[in-house]
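**Q** Coordinates only, no sequence provided:
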């Protein structure tokens, strides 16, 4: 069994901010460990340091047994890469190198077919086999059948952007869990997966003999899979040897111990300084006390050089003031509504003040439904970007005084690219700088106020989006997987904020914990039907075949 280890890692950002300050832990013996911490604490950076994408400025990383990596971008690939490219990106290094040489040789063969080019191509084919390329293709075939319902040869050149986020995730997870690497680093593996997909992942993680270090904010998944918890906060790390069920209590106990140790250190420090001060005064007129004075100075110096104990991390205090406002009794009206090619016509009404969950498998049209509701609005909240029309038949309309605010699952906000949170809040919502910083502080974003939106962590981007909805005055919140990237404290703050929100909430979610706080559910079934339910209904994933 492989292992992964970090030793005294220190790493600062390009702006000089110390992100990681003495992070050490070890995970091995086939354990599944969760890496948790506040948004922006450095979890993804730490995975990148372990994987070799970044070099630690201080400290060491080590691993054994081969390293398979799922990076954070998987699920939101929108370029022209193919299924073949995606599978190759998580293959062992030898296979990737052999594939690059084979591709170069094939391109050369297209330009000329002289003897040296043919020899190069023959050698590349041999290298592909020696590196395990043909075995990899057999593995990829099984992965494509499991994730997409079709063999590898039928979809290898399909563009990844035509797959849903859940299909992209499932395909990469199949490849890593079935692959040869004994250690897996998984950054948000559950994002974009529907609930049956999450349950599949939980079962596979419980079964696997691989050593797994994963970042996740899904409280159900953490509770069902994590055997130990590695926490990164305030630049430091610590390990809870139990599962997620006992983690909150263990963290409270640890912080209480740290506070007690710091209190004792401060008391001892004050006593030593008082002793030095007293002896200095007495030694001024009594030479016999000079040696005691020097000894006390030495003792104080050594005490201060040893330094104080670790400071307990500051608790996050996120205050979401989602206000909303009164609207007509009927907030959303759908009559014979059908999103083209995704579902059968359906009727529904959503009333002012309701919290409605939209459930269903990946590719069933949930996100399209939210975008349609945002697109049909006659008026948008302050600072909101117009949404492109969504193809449909039938009627989908909003009630009187309903201003829809859309939270995008992919955080795809070209209008925010390159701009800092402080600039965005000031310009979009006519705020003075001090007011903007106070608003950002309520969402624990003051430390990232001058970072470009693109460089924020996924959770920081999510919190900023929610803040913009608050400031815009939306009376209908259209939330597409809002808790996916939120840390545990942020997710709880969002639930509390929605409880006091004076307006209507329609949210797509696969978060089983979050779903318990909703009133009722609109289920997009695998057969194309849309129906209502008083309880969450998690239907089986449906396979979307290549178009």
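**A** Perfect, thanks for sending it. Just so you know, these numbers come straight off a predicted model, no measurement behind them.

**Q** Closest to the centroid, which residue in this structure?
**A** residue 485 (3.8 Å; Cα atoms, centre = their mean).

**Q** Could I get the contacting residues of that one?
**A** For residue 485, the residues meeting the contact criterion (Cβ atoms under 8 Å, 6 or more residues apart in numbering) are 39, 188, 191, 217, 411, 457-459, 461-462. (Glycine included, C-beta is placed from N, CA and C.)

**Q** all strands for the stretch 401-547 of the chain, in order.
**A** Per DSSP state E, counting those that start in this stretch, the stretch 401-547 of the chain has strands spanning 404-407, 476-480, 504-508, 520-524, 530-533. These are given in chain order.

**Q** Just put those strands in a markdown table and tack on distance to residue 86, mean pLDDT and mean neighbour count.
**A** As requested, these are exported to a markdown table (distance: least, Cβ to Cβ, whole Å; pLDDT from 0 to 100; neighbours: other Cβ atoms under 10 Å):
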| stretch | distance to residue 86 | mean pLDDT | mean neighbour count |
| --- | --- | --- | --- |
| strand 404-407 | 27 | 92 | 25 |
| strand 476-480 | 23 | 94 | 25 |
| strand 504-508 | 24 | 96 | 24 |
| strand 520-524 | 26 | 95 | 21 |
| strand 530-533 | 31 | 94 | 15 |
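
**Q** Now those strands in a markdown table, please, with extra columns for distance to residue 497.
**A** Supplementary listing: those in a markdown table, determined by distance: least, Cβ to Cβ, whole Å:
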| stretch | distance to residue 497 |
| --- | --- |
| strand 404-407 | 13 |
| strand 476-480 | 10 |
| strand 504-508 | 10 |
| strand 520-524 | 20 |
| strand 530-533 | 25 |
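
**Q** circling back: excluding chain neighbours, what is closest to the residue nearest to the centre of the chain?
**A** Leaving aside its sequence neighbours, residue 485 sits nearest to residue 458 (Cβ to Cβ, 6 or more residues apart in numbering; 3.5 Å).

**Q** so which of the contacts of residue 485 is the most crowded?
**A** Of these, residue 462 is surrounded by the most neighbours, 28 neighbours in total, counting by other Cβ atoms under 10 Å.

**Q** Would you check that it makes contact with residue 487?
**A** No: at 9.6 Å, residue 462 and residue 487 do not qualify as touching, with contact defined as Cβ atoms under 8 Å.

**Q** list the residues that contact both of those two?
**A** Contact with both residue 462 and residue 487 is made by residues residue 39, according to Cβ under 8 Å, 6+ apart.

**Q** what's the helix or strand where residue 49 lies packed up against?
**A** Using DSSP states H and E, residue 49 sits within helix 43-51. Applying 3 or more Cβ pairs under 8 Å, 6 or more residues apart in numbering; DSSP states H and E, one finds that helix 43-51 makes contact with strand 3-12, strand 18-27, strand 32-36, strand 58-64, strand 67-70, strand 183-187, strand 211-215.

**Q** Relative to the fourth one, what are the paired strands and their orientations?
**A** Just to be clear, that refers to strand 58-64. According to DSSP bridges, strand 58-64 has the following sheet partners: strand 3-12 (antiparallel).

**Q** Could I get the phi/psi values of the closest residue to residue 82 other than its chain neighbours?
**A** Nearest-residue entry for residue 82: residue 157, 5.2 Å, with adjacent residues in sequence omitted and distances by Cβ to Cβ, 6+ apart. Dihedral pair for residue 157: phi -100, psi 10, per degrees, to the nearest 10.

**Q** Just the buried positions in stretch 282-297, please.
**A** With burial defined by 16 or more other Cβ atoms under 10 Å, the residues of stretch 282-297 counted as buried are 283, 289, 293, 296.

**Q** what ranges do the helices span in the stretch 301-450 of the chain?
**A** Across the stretch 301-450 of the chain, reading from the start of the chain, the helices by DSSP state H, counting those that start in this stretch fall at 366-375, 421-428, 433-442.

**Q** deepest of the ones you listed, which one?
**A** Most buried of the helices of the stretch 301-450 of the chain by mean neighbour count (mean count of other Cβ atoms under 10 Å) is helix 366-375; its value is a mean of 23.
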